[in-house]
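A.B. asks: Have a look; sequence and predicted model below, questions after that.
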Amino acid sequence: MRGIALTLRELMIKGANDQQTQDMVAFIILALDAVTITVDKTVLPWEKRDYWLKADQFRRDWAWAARAANELSRAVDQEPWAWDDIPPVLAQISQHVADVQIPTRHRLGTPWEGGWRRYRESGRVSQRDTNG
(Lines give C-alpha, C1' and ligand atoms only; values in the text may rest on other atoms or scores of the structure.)
Protein backbone atom coordinates (compact mmCIF):
# COMPACT_ATOMS: atom_id res chain seq x y z
CA MET A 1 0.00 0.00 0.00
CA ARG A 2 2.92 2.33 0.64
CA GLY A 3 4.19 1.71 -2.87
CA ILE A 4 0.79 2.58 -4.29
CA ALA A 5 0.54 5.73 -2.17
CA LEU A 6 4.05 6.85 -3.12
CA THR A 7 3.42 6.20 -6.80
CA LEU A 8 0.14 8.11 -6.73
CA ARG A 9 1.75 11.09 -5.05
CA GLU A 10 4.59 11.18 -7.54
CA LEU A 11 2.19 10.72 -10.44
CA MET A 12 0.03 13.63 -9.31
CA ILE A 13 3.10 15.88 -9.12
CA LYS A 14 4.42 14.67 -12.47
CA GLY A 15 1.29 15.10 -14.54
CA ALA A 16 2.89 14.22 -17.90
CA ASN A 17 2.03 11.27 -20.15
CA ASP A 18 5.32 9.55 -20.93
CA GLN A 19 7.09 6.22 -20.38
CA GLN A 20 7.48 6.84 -16.65
CA THR A 21 3.75 7.54 -16.39
CA GLN A 22 3.06 4.22 -18.13
CA ASP A 23 5.35 2.49 -15.64
CA MET A 24 3.56 4.16 -12.74
CA VAL A 25 0.04 3.24 -13.86
CA ALA A 26 1.10 -0.33 -14.67
CA PHE A 27 2.77 -0.66 -11.26
CA ILE A 28 -0.44 0.48 -9.55
CA ILE A 29 -2.44 -2.15 -11.46
CA LEU A 30 -0.03 -4.92 -10.47
CA ALA A 31 0.10 -3.74 -6.86
CA LEU A 32 -3.70 -3.72 -6.65
CA ASP A 33 -3.73 -7.24 -8.07
CA ALA A 34 -1.33 -8.25 -5.29
CA VAL A 35 -3.62 -6.65 -2.70
CA THR A 36 -6.56 -8.63 -4.09
CA ILE A 37 -4.61 -11.88 -3.80
CA THR A 38 -3.69 -11.01 -0.22
CA VAL A 39 -7.35 -10.38 0.63
CA ASP A 40 -8.29 -13.84 -0.65
CA LYS A 41 -5.51 -15.45 1.41
CA THR A 42 -6.54 -13.52 4.50
CA VAL A 43 -10.14 -14.73 4.50
CA LEU A 44 -9.37 -18.43 3.95
CA PRO A 45 -8.76 -19.21 7.65
CA TRP A 46 -11.93 -17.34 8.60
CA GLU A 47 -13.98 -19.36 6.13
CA LYS A 48 -12.52 -22.61 7.46
CA ARG A 49 -13.83 -21.62 10.89
CA ASP A 50 -17.22 -20.68 9.42
CA TYR A 51 -16.71 -16.95 10.03
CA TRP A 52 -18.54 -16.20 6.82
CA LEU A 53 -19.82 -12.78 7.83
CA LYS A 54 -16.35 -11.61 8.82
CA ALA A 55 -14.86 -12.94 5.57
CA ASP A 56 -17.59 -11.36 3.45
CA GLN A 57 -17.23 -8.00 5.18
CA PHE A 58 -13.47 -8.05 4.67
CA ARG A 59 -13.91 -8.84 0.99
CA ARG A 60 -16.44 -6.02 0.61
CA ASP A 61 -14.07 -3.60 2.35
CA TRP A 62 -11.30 -4.41 -0.13
CA ALA A 63 -13.35 -4.97 -3.32
CA TRP A 64 -12.34 -1.52 -4.49
CA ALA A 65 -8.82 -2.80 -5.23
CA ALA A 66 -9.94 -5.33 -7.84
CA ARG A 67 -12.42 -2.88 -9.39
CA ALA A 68 -9.80 -0.15 -9.66
CA ALA A 69 -7.22 -2.54 -11.15
CA ASN A 70 -9.72 -3.70 -13.76
CA GLU A 71 -10.77 -0.15 -14.67
CA LEU A 72 -7.15 0.96 -15.06
CA SER A 73 -6.36 -2.17 -17.03
CA ARG A 74 -9.21 -1.48 -19.46
CA ALA A 75 -7.88 2.06 -19.97
CA VAL A 76 -4.28 1.03 -20.64
CA ASP A 77 -5.15 -1.95 -22.82
CA GLN A 78 -6.71 0.33 -25.41
CA GLU A 79 -4.56 1.56 -28.25
CA PRO A 80 -3.94 4.44 -27.70
CA TRP A 81 -4.47 4.55 -23.96
CA ALA A 82 -7.76 5.99 -22.75
CA TRP A 83 -5.98 8.70 -20.73
CA ASP A 84 -9.24 10.44 -19.84
CA ASP A 85 -10.43 7.34 -17.97
CA ILE A 86 -7.35 7.09 -15.75
CA PRO A 87 -7.49 10.20 -13.45
CA PRO A 88 -10.95 9.41 -11.97
CA VAL A 89 -9.79 5.90 -11.05
CA LEU A 90 -6.56 7.25 -9.54
CA ALA A 91 -8.64 9.70 -7.51
CA GLN A 92 -10.73 6.81 -6.15
CA ILE A 93 -7.59 4.87 -5.24
CA SER A 94 -6.06 7.91 -3.55
CA GLN A 95 -9.05 8.06 -1.20
CA HIS A 96 -8.23 4.55 0.00
CA VAL A 97 -4.53 5.23 0.54
CA ALA A 98 -4.88 8.76 1.91
CA ASP A 99 -4.06 7.58 5.44
CA VAL A 100 -0.96 5.63 4.40
CA GLN A 101 2.08 7.25 6.00
CA ILE A 102 5.28 7.42 3.97
CA PRO A 103 8.32 8.55 5.93
CA THR A 104 10.43 11.31 4.41
CA ARG A 105 13.41 8.96 4.38
CA HIS A 106 11.61 5.92 3.01
CA ARG A 107 13.41 2.99 1.44
CA LEU A 108 10.84 2.34 -1.25
CA GLY A 109 12.88 3.96 -3.99
CA THR A 110 10.97 4.04 -7.27
CA PRO A 111 8.97 0.80 -7.26
CA TRP A 112 7.25 1.70 -10.51
CA GLU A 113 10.40 1.43 -12.62
CA GLY A 114 9.87 -1.26 -15.24
CA GLY A 115 6.18 -1.46 -14.34
CA TRP A 116 4.95 -1.43 -17.93
CA ARG A 117 7.30 -4.26 -18.90
CA ARG A 118 6.20 -6.32 -15.87
CA TYR A 119 2.58 -5.58 -16.69
CA ARG A 120 2.97 -6.83 -20.26
CA GLU A 121 4.83 -9.93 -19.05
CA SER A 122 2.27 -10.66 -16.34
CA GLY A 123 -0.41 -11.72 -18.79
CA ARG A 124 -2.76 -9.21 -17.17
CA VAL A 125 -3.51 -7.75 -20.60
CA SER A 126 -5.26 -10.93 -21.75
CA GLN A 127 -7.16 -11.19 -18.44
CA ARG A 128 -8.83 -7.78 -18.68
CA ASP A 129 -12.25 -9.04 -19.74
CA THR A 130 -12.36 -12.14 -17.52
CA ASN A 131 -12.10 -10.27 -14.18
CA GLY A 132 -14.54 -7.47 -14.74
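C.D. replies: Perfect, I can see it now. Numbering: from 1, shown residues only.
A.B. asks: pLDDT weak spots in this structure?
C.D. replies: Scanning the chain for pLDDT under 70 picks out 125-132.
A.B. asks: remind me, longest helix of it?
C.D. replies: helix 19-48 (DSSP state H).
A.B. asks: Report the buried residues of stretch 28-48.
C.D. replies: Ile28, Ile29, Leu30, Ala31, Leu32, Asp33, Val35, Thr36, Val39, Val43, Trp46 (16 or more other Cβ atoms under 10 Å). From N, CA and C alone the C-beta is placed, and that goes for glycine too.
A.B. asks: wait, stretch 89-100
C.D. replies: Neighbour-count burial for stretch 89-100, counted by 16+ other Cβ under 10 Å, picks out Val89, Leu90, Ile93, Ser94, His96, Val97.
A.B. asks: Ser73: which of those residues is nearest?
C.D. replies: Closest approach to Ser73 among the buried residues of stretch 89-100 (Cβ to Cβ): Val89, at 9.9 Å.
A.B. asks: give me the element the closest one is part of.
C.D. replies: Per DSSP states H and E, Val89 falls inside helix 86-97.
A.B. asks: Distance from that helix to the middle of the chain?
C.D. replies: Put simply, helix 86-97 sits 10 Å off its chain's centre (Cα atoms, centre = their mean, to the nearest Å).
A.B. asks: Now do it and helix 19-48, the angle between them.
C.D. replies: Between helix 86-97 and helix 19-48, the angle comes out at 50 degrees (axes from the mean of the first three to the mean of the last three Cα atoms, to 10 degrees).
A.B. asks: What is the subsequent helix or strand relative to helix 86-97?
C.D. replies: In N-to-C order, the element after helix 86-97 by DSSP H and E is helix 115-122.
A.B. asks: Remind me what that following helix packs against, helices and strands.
C.D. replies: helix 19-48 (3 or more Cβ pairs under 8 Å, 6 or more residues apart in numbering; DSSP states H and E).
A.B. asks: Which secondary structure elements does the helix or strand following the helix it packs on sit against?
C.D. replies: Remark: after helix 19-48, the chain's next helix or strand is helix 52-76, criterion DSSP H and E. Here helix 52-76 touches helix 19-48, helix 86-97, helix 124-127, going by 3+ Cβ pairs under 8 Å, 6+ apart.
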